[in-house]
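Novice: I need the structure of the sequence given here:
(chains A and B)
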Amino acid sequence: MNEKPIHTDGDLTYEIIIGCEIHCELLTKTKAFCSCENRYGGLPNTRVCPVCLGLPGAMPVVGREYVEFGAIAGFALGCEVSRFTKFDRKHYFYPDLVKGYQITQYDLPLCTNGQVLINLASQDETPRFKKVRIERIHLEEDVGKSLHIEGAHSYIDYNRSGVPLIEIVSKPDMSSPEEAALFMQTIRETLKYIGATDGNLEEGSMRCDANINLKVIENGKEWRTPISEIKNMNSFKAIRDACTYEVGRQLAEFRTDRQNFSQGFKVTMGWDDAKGETVVQRTKNSFIDYRFVVEPDIKPFTLSDSFIETARSKVGELPQPKRDRFRKEYGLSDFDVNTLTTERSLADWFEQAAKASRDPKKVANWVLAEVLAVLNERNISLDELKITPAHIASLVDTVVSGAISSKQAKDVFAEMLETGDMPEAIVKKHGMEQVSDTSLIEAIVAEVFAANPAALDDYRKGKTNVVGWLTGQVMKASKGKANPGTATALVQKRLAELK
Amino acid sequence: MNICEMSLLSLKKALDSGTLTSEAVVKAYRDAWEADQKSALPLNGYIEFFEDAIDLAREADVLRAKGDARPLLGLPFAVKDNISIKGKSCTCGSRILRGYTAPYNATVAERLLAAGAIPLGRTNMDEFAMGSSTEYSSYGPSRNPVNRELTPGGSSGGSAAVVAGGQAPFSLGTETGGSVRLPASYCGLYGLKPTYGTLSRYGVVAFGSSLDQVGLFSREIDDIGLALSVMAGKDSKDDTSADLDFSALANLSPAEIKGLRVALPEEFMREKGLDPEIAAIFDNACQWFRERGAVVETVSIPVLEAAIASYYVIALSEAASNLSRFDGIRYGLRKDPGEGYDELYVATRSEGFNAEVKRRIVIGNYVLSTHFSGDTYKKGMSVRARIQRDVAEVFKSFDVLLCPTSPTVAFKLGSKVDDPLAMYLSDLFTTFVNLARIPSLSVPMGTTAEGLPVGVQICGPHYGEEKILRVAKAWEATR
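Specialist: Sure, this is the predicted structure:
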């Protein structure tokens, strides 16, 4: 499952080793340690209080929802959640850091020993999974945001200061830039799915640091290149590009200096998207001393069994198991299940409709083709629709039973979108019930044949396409209510009699 | 009736009976402060006497006439310069916080204000509460009202000086390792360090967060009970605060001394630095207990020998951490050479902190640095855990623990200011209390031949405040 791809470059062979640290903002109502609202943006410095500004004398109080989200995320990523946990302080100076330290978890993280499966196959291929281990997930507060105006002042917005984060630390299990990007995608999908984060990359809700180096073999001797840590990437493309660039840079550097990495030291880099290259932020062999100390303002605490169980139960079914089940239970294609499970709300919506209907596969088609189209066109969410899963289930069943035609169903769908009425009511209101009574349709066919002798002549001369035209006339005369199958059959029968 | 010599409780009775107005009370204290300012050696207990105190007193008088009966209505107090009061400066005696105005109330202040009390002013302190003499204040030293050549002790020296000097009936100080009890002992006052968690620390500028606690000074024991009764209890803004009901402390009755079990830790009695006169006064105190039928026994708590070392490791580690927020970016002093952040921090902190604070930040960071945290910090924490355990064990067999507050009487201003180690040893008998998180009250037990006050500590088990205050009340009655 986890065989490492070996690359070659001239006389060198090498493996790529990547580990990721993902920072993810949680969707709690309040900030991590105070009751300020947790929301993105807004006028700078309007959502701040003594605690998130770190004013003299201010003290943090842990939000319950914060720890719960952390535990839910931990379970979703296959971790063990520690019963006993505590907070620590990590020190460094930067203007966006209000206290000179960040409250974090050092030696007793909330979650440990997790794993996720990343899918190396493309979307329409059969999934091909690789396991990536997660070393730990710890709770941590976010810092403020700096805005530097060239040649003028720097400004700082502390609205983000104290926003609750989790930091997910992987084992160095990724062996290509693509895998690193897939890892972040998988984490994002899962955490979005359980509602722990909005996963908004542009707004910085998720940021990824990648630690990357190479295992190089030259003439049978094994080397490890010094580790680069590329900070704060917030797009999958940036991860791919930055790691790819770094592989090339490290290979080139290796060819000139043959340096082996040493424990604890690394180069810290940023990714310059415009130039397409990594930029050194802190030099090699620099060692940051965070001087961890136990956070004395927050008592270590033990999570109760009921707290842990509640968190576990809130995880629910994750995207991958759900895909397998949808495929099996509803007989859907890979493409269909992938689309239906992009968001939990959509998957749930679909499943409610599927369960209420006699034909889940048709329900899936309706949701994928019609419902999603409406959402996209109007740029709205499912709960802003006037229709519910029950509407779609009932609409599909009305078609399956033959009460209305598929074409009529489109009209019903359009109307129920506007009014929120149930399909039965709409069908009744417009008298749209399909007519399948053979004698009634036979009478209409007779009228149509009587009224169109020219067409019958054409048929006698061998023009078979008049079948469709005549059926169309029958449908028209019945105001669309005639069962099209019955109408076609009767038209054909009568034409055969003509010969 | 000299207002400035009255206790808080007697002032309350006078206000209740209408023989005094709050305005007259506040005015008396302000006059006393103003007169003292003009003297040859002013106490320098207040850094600032609040302009609006008289207005608040007049308002309180109006409210009282309308039937407002809040427990501390119209009663004044002084507050150490590291406790936030909304709209007032809060500088911790430091240059680095000059110009900072607290935008919120510390919970202890909030509760006193809610009970109707009036803040008179903020009091002088060793910068960031680091020191034992109030000489490390950027506002100059405070003086001991008993003898103005001497220190009032520290770091809450200003809060002790204003009460002992008749400029406030009671005051708030803070403790990390003895900063209330030591000045109380030097100035002849009662000084209480409550159990860690009894009083909320929200809004109190942190020094060593796991040791810090707000303390109280008064001339009579009832005053501490009254103030504690409105200040104690759970605060949702402080995770470490305890959920207690201390309302009974507003009416203290003396404890029964007969049968009281009193422990004397022998490690302190053997201490070479203990002044013989203090040892004698301490013996008298033990005798007082014995004469009244208490069971007084010597106990051995060997780990106390390591208390001061453990204390400095933990206190300075946390201090280095807590003081990181003073960086010149958001408030207070800023020195910006215009060369970048690092230079801004260095310039601001170099100028803003005094030598003692810098010394402690450097030691604290040294202890926490990656090369040492493996042993020094952890060792300090494990010794502390042992102290907590062994001291708690003593209270399984004893009601109270008795020991001297300070190895010496108040020393001369200037005599130790350049000898940090000598200064640190002032805390010899007090730091174990903060490490063990127990309550301790320094009680004025007598005076030396020179007339200098000597205090003795009565320590109790966790949340045993009522017990030790009642024992002190019994002692006070025989004074």
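Novice: list the contacts for the residue nearest the centre of chain B?
Specialist: Against the mean C-alpha coordinate of chain B, by C-alpha atoms, centre = their mean, the closest residue is residue B:180 at 2.6 Å. Residue B:180 sits next to B:156, B:159, B:160, B:173, B:174, B:191, B:192, B:193, B:215, B:216, B:217, B:442 when contact means C-beta atoms under 8 Å, 6 or more residues apart in numbering or on different chains. Yep, even glycine has a C-beta here, placed from its N, CA and C like the rest.
Novice: out of these, who's the most crowded?
Specialist: Ranked by the number of neighbours (other C-beta atoms under 10 Å in any protein chain shown), these place residue B:159 first, at 40 neighbours.
Novice: for it, helix, strand, or coil?
Specialist: Using DSSP: H, G, I helix; E, B strand; the rest coil, the structure places residue B:159 in helix.
Novice: residues touching it, list them.
Specialist: Listed by C-beta under 8 Å, 6+ apart, the contact partners of residue B:159 are B:45, B:78, B:79, B:80, B:123, B:125, B:171, B:172, B:173, B:180, B:183, B:217.
Novice: can you check residue A:344 too?
Specialist: By C-beta under 8 Å, 6+ apart, residue A:344 lies in contact with A:193, A:194, A:195, A:316.
Novice: just the buried residues out of these, in ChimeraX syntax.
Specialist: Here is the ChimeraX command that selects the buried residues among the contacts of residue A:344 (16 or more other C-beta atoms under 10 Å in any protein chain shown):
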select /A:193,194,195
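Novice: nearest to residue B:310, of the contacts of residue A:344?
Specialist: Nearest to residue B:310 among the contacts of residue A:344, counting by C-beta to C-beta, is residue A:194 at 44.6 Å.
Novice: and the closest one, how far is that from residue A:79?
Specialist: The spacing between residue A:194 and residue A:79, counted by C-beta to C-beta, to the nearest Å, is 13 Å.
Novice: rewinding a little: could I get the contacts of residue B:180 in a markdown table, plus columns for pLDDT and secondary structure?
Specialist: A markdown table is the format used below for the contacts of residue B:180 (pLDDT from 0 to 100; DSSP: H, G, I helix; E, B strand; the rest coil):
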| residue | pLDDT | secondary structure |
| --- | --- | --- |
| B:156 | 98 | coil |
| B:159 | 98 | helix |
| B:160 | 98 | helix |
| B:173 | 98 | strand |
| B:174 | 98 | strand |
| B:191 | 98 | strand |
| B:192 | 98 | strand |
| B:193 | 98 | strand |
| B:215 | 98 | strand |
| B:216 | 98 | strand |
| B:217 | 98 | strand |
| B:442 | 98 | strand |
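Novice: pretty sure residue B:255 is one of the things residue B:477 touches, is it not?
Specialist: No. Applying C-beta atoms under 8 Å as the test, residue B:477 and residue B:255 come out as separate, 10.4 Å apart.
Novice: of the two, which one has the most company?
Specialist: It is residue B:255, of residue B:477 and residue B:255, that has more neighbours when counted by other C-beta under 10 Å, with 20 against 9.
Novice: tell me the secondary structure for the more buried one?
Specialist: Residue B:255 falls in the coil class when you classify it by three-state DSSP.
Novice: so who does it touch?
Specialist: Counting by C-beta under 8 Å, 6+ apart, residue B:255 has contacts B:467, B:470, B:471, B:473, B:474.
Novice: what number of residues lie near the residue nearest to it when sequence neighbours are not counted?
Specialist: Nearest non-adjacent residue to residue B:255, counting by C-beta to C-beta, 6 or more residues apart in numbering or on different chains: residue B:470, 3.8 Å away. Residues contacting residue B:470 under the criterion other C-beta under 10 Å number 21.
Novice: surely residue B:470 is within a strand?
Specialist: No. Counting by three-state DSSP, residue B:470 is located in no strand; its state is helix.
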